[in-house]
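1. Quick one: sequence plus predicted model below, questions after.
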Amino acid sequence: MSLPKAELHLHIEGTLEPDLAFALAARNGVELPCADTDALREAYRFQDLQSFLDLYYALMTVLRTERDFEDLADAYLARAAAQGVRHAEIFFDPQAHLARGVGMGTVVEGLWRALGGSEERHGVSTRLIMCFLRDESAESAMATLDAAGPYLDRITGVGLDSAEVGHPPRKFREVYEAAAALGLRRVAHAGEEGPPEYITEALDVLGVERVDHGLRCVEDPALVERLVRERVPLTLCPLSNVRLRTVDTLAGHPLPAMLDAGLMCTVNSDDPAYFGGYAGDNFDAVRGALGLGPERLRELARNSFLASFLDDDEALRARYLAEVEAYDFG
């Protein structure tokens, strides 16, 4: 769907399509565990979050140089623009690269070679959000924040991702306090596989401004009331939820009930190369499976721009919102 939208929950490493993975592997002399792109696509049929993460990190080995990260980001931006994305706030996982000997500068400068020219080339404005891996130590997260120091002019905020269960947000209190002191915006994955209490912790302990996923808030009516009252955005990823079995079927997704409750939901693609679709594909999927009409879809698109970190360019946000209102569903 080409309805103008912002994408707020997108892991750039999760946009690595099989064709590009093999091209980068050939460029860098990396041997992949699959013989060809068809076999690799079949490997994308994982069973749960951990099996996805195992493959996700294995394929990162093809990303070695600034050019690799530039090609990865540019390929995503082209696909996103074709599906109506006008603004993208892009996550990246520096610890996964630092552990392989790929420096912070290589990652950030490479991504920025694509992001810096994105408005001119693709018509997509961008922000960059550095995520900490929650299954790594808090000390590693703090060291990563320190390593990002020379590049903070390119980085808008920090996030928290990877395996959720057993790694509560409070583990990262100090690094989030340090990020806040640096003026960085704060988001965190919470309430995907973890309990609703993780959402509350992310708000109260980490001071997050948006909750990534947040799906399990529906299990706690008081939390839902709070999220509505405080207008806390939730960056939902419907196709991801189905692939990772956090919901059984797309038709059973709670998105309509969440909107009816007044929650500020947005629709995003998460790791689109692995989960079967980019932002526009997710909009098409919920429209078909959940019967969402034009006004609900417009609400989701409007929410995405309101929830974005475009506070430093309200004129641009206003322009995007005007495009949403003017969109003709035909």
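-> It's in.

2. In contact with the residue lying closest to Y176 once chain neighbours are set aside, which residues?
-> Closest residue to Y176 apart from its sequence neighbours, by CB to CB, 6 or more residues apart in numbering: L206 at 4.3 Å. Where C-beta positions appear, they are placed from N, C-alpha and C, glycine not excepted. L206 is in contact with L160, P169, F172, R173, Y176, R186, A188, counting by CB atoms under 8 Å, 6 or more residues apart in numbering.

3. where does L206 fall, helix, sheet strand or coil?
-> coil (DSSP: H, G, I helix; E, B strand; the rest coil).

4. Any regions of this protein where pLDDT drops low?
-> 47 (pLDDT under 70).

5. Tell me where it has strands.
-> For the chain, the strands defined by DSSP state E cover 5-11, 85-92, 125-133, 157-161, 185-190, 210-213, 233-236, 264-267.

6. ok, and which of these has the densest surroundings?
-> A comparison of the strands of the chain by mean neighbour count, using mean count of other CB atoms under 10 Å, puts strand 5-11 on top with a mean of 28.

7. now for that strand, which elements pack on it?
-> If you count contacts as 3 or more CB pairs under 8 Å, 6 or more residues apart in numbering; DSSP states H and E, strand 5-11 packs onto helix 66-82, strand 85-92, strand 210-213, strand 233-236, strand 264-267, helix 279-290, helix 294-306.

8. Make JSON lines out of these and add distance to E225.
-> Below are the helices and strands packed on strand 5-11 laid out as JSON lines (distance: least, CB to CB, whole Å):
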{"stretch": "helix 66-82", "distance to E225": "34"}
{"stretch": "strand 85-92", "distance to E225": "27"}
{"stretch": "strand 210-213", "distance to E225": "15"}
{"stretch": "strand 233-236", "distance to E225": "14"}
{"stretch": "strand 264-267", "distance to E225": "13"}
{"stretch": "helix 279-290", "distance to E225": "23"}
{"stretch": "helix 294-306", "distance to E225": "18"}
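
9. So for Y327, which of these sits nearest?
-> Checking the helices and strands packed on strand 5-11 against Y327 by CB to CB gives helix 294-306 as the closest, at 7.1 Å.

10. Pull the closest one out as PDB, backbone CA atoms only.
-> Extracted in PDB, the C-alpha atoms of helix 294-306 (Å, rounded to 0.1, in the frame of the first residue of the first chain):
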ATOM      1  CA  PRO A 294      -9.800   3.800   4.900                       C
ATOM      2  CA  GLU A 295     -10.200   5.800   8.100                       C
ATOM      3  CA  ARG A 296      -8.600   3.200  10.300                       C
ATOM      4  CA  LEU A 297      -5.700   2.900   7.900                       C
ATOM      5  CA  ARG A 298      -5.400   6.700   7.800                       C
ATOM      6  CA  GLU A 299      -5.400   6.700  11.600                       C
ATOM      7  CA  LEU A 300      -2.500   4.300  11.600                       C
ATOM      8  CA  ALA A 301      -0.600   6.400   9.100                       C
ATOM      9  CA  ARG A 302      -1.300   9.600  11.000                       C
ATOM     10  CA  ASN A 303      -0.200   7.900  14.200                       C
ATOM     11  CA  SER A 304       3.100   6.900  12.600                       C
ATOM     12  CA  PHE A 305       4.100  10.500  11.900                       C
ATOM     13  CA  LEU A 306       2.800  11.800  15.300                       C
END
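
11. List the buried residues of that helix.
-> Within helix 294-306, the residues that qualify as buried are R296, L297, R298, E299, L300, A301, R302, N303, S304, F305, L306, counting by 16 or more other CB atoms under 10 Å.

12. and of those residues, the nearest to D153?
-> F305 (23.6 Å).

13. isn't that closest one right up against L321?
-> Yes. In this structure, F305 is within contact of L321 by CB atoms under 8 Å, at 5.4 Å.

14. Next up, the contacts around the nearest residue to L310 once chain neighbours are set aside.
-> Once flanking residues are discounted, L310 sits nearest to R317: 4.2 Å by CB to CB, 6+ apart. Neighbour list for R317: F305, L306, S308, L310 [criterion: CB under 8 Å, 6+ apart].

15. Appreciated, that's everything.
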